[in-house]
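>>> here's a sequence, model it:
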Amino acid sequence: MSAPADVSSGPLPGLRVSVDLNLCQAYAQCCYAAPRHFRIEGHEALFYDPAPAVQDRDAIERARVACPVQAIRVEEPERAA
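As a prediction, the model looks like this:
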């Protein structure tokens, strides 16, 4: 007989990143702080990873702090109990 799976023992879900594009002024400080996760293309078009791995939290936090208009929000979903 097998034991039920323990949901809490699985891998952590990734981070959730959102950018308020109404606040963003394309200063691109996030791109310098976390170039694997944020980039500007064309004329001020920001592209970003909305679900980076938890292991990338340091880079994402650097980008969040570097944003002069505080347009970046980072959430870490809690593990299901």
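
>>> return the distance of the strand or helix carrying residue 32 from the chain's centre.
Residue 32 is part of helix 29-33, with elements assigned from DSSP states H and E. Averaging C-alpha positions (CA atoms, centre = their mean, to the nearest Å) puts helix 29-33 13 Å from its chain's average.

>>> kindly report the same for stretch 44-60.
The answer for stretch 44-60 is 4 Å, by CA atoms, centre = their mean.

>>> what's the span of that stretch from first residue to last?
Terminal residues of stretch 44-60 are spaced 20 Å apart (CA to CA, to the nearest Å).

>>> flag every buried residue along it.
46, 48, 49, 52, 56, 59, 60 (16 or more other CB atoms under 10 Å). In this view, the C-beta of every residue, glycine as well, is placed from N, C-alpha and C.

>>> can you pull out the strands in this protein?
Using DSSP state E, the strands of the chain run over 16-19, 38-41, 45-48, 72-75.
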